[in-house]
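In: here are the coordinates; sequence isn't available:
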């Protein structure tokens, strides 16, 4: 029996956490053994889970990162202990996801993987692996990562450093370590992200784009959308839905607020995933909801919505857009980063980033056609392009090739 070991910040929560959990389920159903190592949070999992460190380790790692700009270089004892577990498990494939998040020492892990010559698949979910500090750089059009990071203009962004700027040293270390792996295949989750990686120090490695897959049995059209609208006291209104794991400027929260000032009373904006403080700061005509873990509840909201708005300025894929498709709801996205890859004329519209006038016109255009004009094609696109079983089979085929080699 072949064994898969995945490593990610979280398990079965948030977008990447659900991906690793569902991929684990898929390999189990295909006769594999599945282990998932994580650092921050785990909901119930069908795979064998291994926590790397504890809350105290995370806190110390966070302090080191905040003061010294050494994100991913704390958690020494926790990572060494985890390495011992890997030696016992003897996985056939190591599948990396997000290594950032204050839980893992990437130098110790990558040194071990290079030394043991293990087959590694690395799904890249953001740009952190190719920079000296940040996870996203498009908003400031920074291109230092193509040559060598230094004097990071996003020093105070996640993973924030309040004192030192070691972006140049971090870049050199990542480049040295990550290019030391001999059996590595890179998996970008979008063509846009692949484009970035092919201009980075990881360009020498084989790459295969595999889009994120979604559970079409969980995300499907729910008939009683009116019930959801009644719950939030917006029956009869045209519902615009925005969802994110964490909201901020990058995800377009400010643009939702600007949009709300220009809409008539027969529209309603619903935003999911907000903190308590963010909800308190919203204008009265936006309904703010906290984080929702229930897929059934999320499917109900997607189905009730008339349009899913993804106003993110930096998106490496766009899970909320395709989850909306699966529930028969068209989307509007900004014409930047990976978002436009998802949209076709039959499933939604693309507008220029931050152009609220264009956004309003796009909303009105979809409303004039009616949601039903798009619904069938949205579901078809989800089934044809983003069915998780199809995407996970691509991973299984990739694993098999690496094991044979």
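Out: Sure, I can see it. Bear in mind that the values here come from a model prediction, so they are computed numbers and not experimental data. Numbering: from 1, shown residues only.
In: residue ranges for the strands of the stretch 51-200 of the chain, please.
Out: Along the stretch 51-200 of the chain, counting by DSSP state E, counting those that start in this stretch, strands occupy 93-96, 120-124, 184-188.
In: if you compare the ones you listed, which one is most tucked away?
Out: Counting by mean count of other CB atoms under 10 Å, strand 93-96 has the highest mean neighbour count of the strands of the stretch 51-200 of the chain, with a mean of 25. Quick note: C-beta positions are derived from backbone N, CA and C, even for glycine.
In: Sheet-wise, list the partners of that one with their directions.
Out: Using DSSP bridges, strand 93-96 pairs in its sheet with strand 3-7 (parallel), strand 120-124 (parallel).
In: Would you mind getting the angle between the last one and strand 184-188?
Out: I take that to be strand 120-124. Put simply, strand 120-124 runs at 20 degrees to strand 184-188, going by axes from the mean of the first three to the mean of the last three CA atoms, to 10 degrees.
In: Now do strand 120-124: distance to the chain's middle.
Out: Here strand 120-124 shows a centroid-to-chain-centroid distance of 14 Å under the convention CA atoms, centre = their mean, to the nearest Å.
In: Which residues are in contact with residue 257?
Out: Listed by CB atoms under 8 Å, 6 or more residues apart in numbering, the contact set of residue 257 reads 282, 283, 286.
In: can you check residue 307 too?
Out: When the contact criterion is CB under 8 Å, 6+ apart, the partners of residue 307 are 239, 240, 241, 329, 330, 331, 332, 348, 363, 366, 367, 371.
In: helices or strands up against the host helix or strand of the first one?
Out: According to DSSP states H and E, residue 239 maps onto strand 238-243. Using 3 or more CB pairs under 8 Å, 6 or more residues apart in numbering; DSSP states H and E as the contact definition, the elements that strand 238-243 packs against are strand 267-272, helix 295-304, strand 307-310, helix 319-326.
In: Quick one: the ones you listed as CSV, columns for distance to residue 336 and mean pLDDT too.
Out: Output for those, formatted as CSV (distance: least, CB to CB, whole Å; pLDDT from 0 to 100):
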stretch, distance to residue 336, mean pLDDT
strand 267-272, 20, 97
helix 295-304, 23, 96
strand 307-310, 11, 98
helix 319-326, 13, 97
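In: quick one on the thing from earlier: check the contacts of residue 257 for burial and list the buried ones.
Out: Buried by 16 or more other CB atoms under 10 Å: 282, 286, out of the contacts of residue 257.
In: So which of the contacts of residue 257 are in strands?
Out: residue 286 (DSSP state E).
In: Looking at the helices and strands packed on strand 238-243, which is nearest to residue 94?
Out: Each of the helices and strands packed on strand 238-243 has some distance to residue 94 by CB to CB; the shortest is helix 319-326, at 24.0 Å.
In: need the contacts of residue 257 in CSV with distance to residue 147 and pLDDT, can you?
Out: Output for the contacts of residue 257, formatted as CSV (distance: CB to CB, whole Å; pLDDT from 0 to 100):
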residue, distance to residue 147, pLDDT
282, 42, 94
283, 44, 93
286, 42, 95
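In: where along the protein do the helices fall?
Out: Under the criterion DSSP state H, the chain contains helices at 14-29, 55-68, 76-89, 106-116, 167-178, 191-197, 225-231, 253-260, 276-281, 295-304, 319-326, 356-369, 372-385, 388-404.
In: Please dump these into a markdown table; it should also carry distance to residue 152 for every row.
Out: Putting the helices of the chain into a markdown table (distance: least, CB to CB, whole Å) gives the following:
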| stretch | distance to residue 152 |
| --- | --- |
| helix 14-29 | 24 |
| helix 55-68 | 13 |
| helix 76-89 | 24 |
| helix 106-116 | 18 |
| helix 167-178 | 4 |
| helix 191-197 | 17 |
| helix 225-231 | 43 |
| helix 253-260 | 23 |
| helix 276-281 | 26 |
| helix 295-304 | 35 |
| helix 319-326 | 28 |
| helix 356-369 | 31 |
| helix 372-385 | 36 |
| helix 388-404 | 33 |
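In: what's the most buried one of the ones you listed?
Out: helix 319-326 (a mean of 27).
In: How far does it sit from its chain's centre?
Out: 13 Å.
In: For the residue nearest to residue 215 when sequence neighbours are not counted, give me its contacts.
Out: With sequence-adjacent residues excluded and distances taken as CB to CB, 6 or more residues apart in numbering, residue 215 is closest to residue 388, at 5.6 Å. With CB under 8 Å, 6+ apart as the criterion, the residues that contact residue 388 are 22, 26, 213, 214, 215, 216.
In: what is the mean pLDDT for stretch 333-347?
Out: Model confidence over stretch 333-347, given as mean pLDDT, is 97.
In: Sweet, I'm off.
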